[in-house]
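Engineer: Fold the following, please.
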Amino acid sequence: MMQSQSQSQGPVTGLFDGYPALTGTYDEMFADGAVARAPFARVAALLAKLAPDELARSQALAETALLHQGVTFSVYGDSRGTEKIFPFCLLPRLVSADDFRRLERGLEQRLRALGMFLDDIYGEQKILTAGVVPAEMVLGAAGYRPTLRGIKPPGGVRIHISGVDLIRDPDGTWRVLEDNLRTPSGVSYVVENRMISKRMFPRLIDAARVHRVDHYPTRLAETLRSVSPTQSAGADGNAVVLTPGPHNSAYFEHSFLARTMGLELVQAPDLFVDGDKVYCRTTRGPKRVDVIYRRTDEAFLDPEVFRPDSVLGVPGLMRAYAAGQVALANAPGNGIADDKAVYPFVPDMIEFYLSEQPILDQVPTYVCLFDEDRTYVLEHLDEMVVKAVDEAGGYGMLMGPQASAEERDDFRRRIIAEPRRYIAQHRVELSSCPTWIAERGAVEPRRVDLRPYILTSREGPWVLPGGLTRVALQRGSYVVNSSQGGGSKDTWVMKDA
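Structural biologist: Below is the predicted model:
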């Protein structure tokens with residue numbers, strides 16, 4: 001349902017003078033021209049007092065700080081160089097207390113159902129027997145690992161860390177766009193963005209009464225230790241962060257999280273398995289490892305089970321996991337639950353496992369494996385956004401309304417050849433947010449999405465009161481991914497007035 005947002009008494013002047021709201025979009029800050037939405041009126045008025053040249057100087061200082069702190073990501077195949085500063089806009093994205101409460105309840109509900117779905121399909125498969133989710137949709141998927149059936153994860157948790165992508169449609173309704181349940185990235189930018197905001201806008205942050213996000217690493221460390229196999233023996237458990245190495249696109253985040261959690265950052269050669277237990281090589285001899293926060297893709301985790309040519313994995317790791325001697329966060333096999341063709345069935349999962357109605361809406365989705373859906377998609381390619389179910393980061397996607405006839409014909413052939421590999425959705429008009437455009441020296445609306453992060457321990461899920469707001473920096477663009485030219489904003493979740 002649309003969240004009611006009454007308006008302030010009058011238009012905000014100053015920085016936002018002449019703000020050109022996008023037609024047909026829901027603007028996150030303004031309800032009508034420069035009239036701020038009621039929960040944000042005070043913050044908007046304070047931001048409006050910034051002079052454009054003052055904001056430009058602050059923006060330049062913020063970018064310099066990010067460079068010096070090494071807040072970067074990698075883009076593979078870019079001839080201009082791989083290491084990039086993650087573009088950042090100082091103007092925050094605001095989320096009201098009422099909106100966040102609804103999102104929090106909806107995300108917790110969704111993660112409980114998805115966790116039960118994973119337990120089920122790697123167990124009794126009741127949902128398949130009941131026909132709620134088509135068996136061929138699950139058992140034939142690349143993300144389903146039949147060798148893991150019957151293995152129960154230590155602590156009973158499979159989705160320890162998740163990042164759920166949300167959008168807001170023109171009516172102001174929050175909708176889940178997709179689930180990221182394998183190795184979701186981006187939370188380091190949430191924490192770093194807040195540090196920059198506090199440095200540049202210390203008084204504004206205090207006046208805005210914004211929830212903190214800097215406690216995420218502490219909560220993550222607690223979540224990891226909560227599933228330690230040795231917890232029942234009274235020990236805290238030794239957790240490590242496993243990275244593929246410095247050439248990985250998210251290596252900054254791996255090192256950032258390990259450092260802020262106070263955990264060892266390790267690579268595969270640092271670990272070995274002996275007697276179905278995992279050990280880390282240290283200068284003082286082997287040390288038992290109870291929990292591994294793995295940032296290595298599961299296909300490379302263990303050459304004995306997955307890719308035999310992997311040099312990034314630990315031989316015998318899955319034996320230790322199956323024996324209940326080490327917890328892996330996130331659990332291997334989660335990929336089936338964030339398969340884009342399984343996504344349309346999550347509301348059914350919520351009803352099946354929880355006997356509840358879904359709190360959060362989704363984007364209506366066509367599954368090309370189904371004859372009727374595929375026929376419709378092929379007849380309306382010029383209206384559809386087509387996505388490969390096994391791609392991410394904006395790759396393997398057709399933006400039908402903006403694509404050429406040649407590009408649509410190419411995807412038509414792909415869909416006919418491999419229908420299970422594609423889903424399609426009508427393009428949703430993403431909400432927009434005031435964004436500083438340096439080359440124009442002005443504030444303009446740009447489309448955004450939101451990735452909240454949810455941690456699930458033995459006690460259940462917890463939603464970080466913030467998230468990664470990604471912004472499409474190019475005028476007219478719908479693509480917010482950093483690998484495709486997008487940037488980020490600090491997300492200010494407001495406390496109750």
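
Engineer: how much space is there between residue 473 and residue 175?
Structural biologist: 22 Å (C-beta to C-beta, to the nearest Å). To be clear about C-beta, it is placed using only N, CA and C from the backbone, and glycine gets the same treatment.

Engineer: neighbour-wise, which of the two wins?
Structural biologist: The neighbour comparison of residue 473 against residue 175 (other C-beta atoms under 10 Å) goes to residue 473, with 19 against 16.

Engineer: so what's that one up against?
Structural biologist: Going by C-beta atoms under 8 Å, 6 or more residues apart in numbering, residue 473 touches 87, 89, 435, 437, 446, 485, 486, 487.

Engineer: Just want the most central residue of the protein.
Structural biologist: Nearest to the geometric centre of the chain sits residue 163, at 3.2 Å (C-alpha atoms, centre = their mean).

Engineer: Let me know the pLDDT of residue 4.
Structural biologist: In the predicted model, residue 4 carries a pLDDT score of 41.

Engineer: whoops, residue 232 was the one
Structural biologist: Predicted confidence (pLDDT) for residue 232: 56.

Engineer: Show me what the mean pLDDT comes to for the helix or strand harbouring residue 433.
Structural biologist: Using DSSP states H and E, residue 433 sits in strand 432-437. The pLDDT scores in strand 432-437 average 94.

Engineer: which residues does residue 292 bridge with?
Structural biologist: Beta-bridge pairing for residue 292 (DSSP bridges): residue 240, residue 328.

Engineer: doesn't residue 329 make contact with it?
Structural biologist: Yes: with contact defined as C-beta atoms under 8 Å, residue 292 and residue 329 form a contacting pair (7.0 Å).

Engineer: which other helices and strands contact the helix or strand containing residue 414?
Structural biologist: For residue 414, the host element (DSSP H and E) is helix 405-417. Judged by 3 or more C-beta pairs under 8 Å, 6 or more residues apart in numbering; DSSP states H and E, the packing partners of helix 405-417 are helix 371-379, strand 397-399, strand 422-426.

Engineer: mean pLDDT for these: which is lowest?
Structural biologist: Looking at these, the lowest mean pLDDT belongs to strand 397-399 (a mean of 90).

Engineer: Just give me how far that one sits from the chain centre.
Structural biologist: Centroid separation for strand 397-399 versus its chain: 20 Å, with C-alpha atoms, centre = their mean, to the nearest Å.

Engineer: helices or strands next to that strand in the packing?
Structural biologist: Judged by 3+ C-beta pairs under 8 Å, 6+ apart, the packing partners of strand 397-399 are strand 384-388, helix 405-417.

Engineer: Looking at the ones you listed, which one is packed in the most?
Structural biologist: When you average the neighbours per residue for each of the helices and strands packed on strand 397-399 (mean count of other C-beta atoms under 10 Å), strand 384-388 leads with a mean of 21.

Engineer: average model confidence for that strand?
Structural biologist: Computed over strand 384-388, the mean pLDDT rounds to 93.

Engineer: helices or strands next to that strand in the packing?
Structural biologist: Packed against strand 384-388 by the contact rule (3+ C-beta pairs under 8 Å, 6+ apart) you find strand 397-399, strand 422-426.

Engineer: and those as CSV, adding distance to residue 388 and mean neighbour count?
Structural biologist: Conversion of the helices and strands packed on strand 384-388 to CSV gives the following (distance: least, C-beta to C-beta, whole Å; neighbours: other C-beta atoms under 10 Å):
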stretch, distance to residue 388, mean neighbour count
strand 397-399, 7, 19
strand 422-426, 6, 23
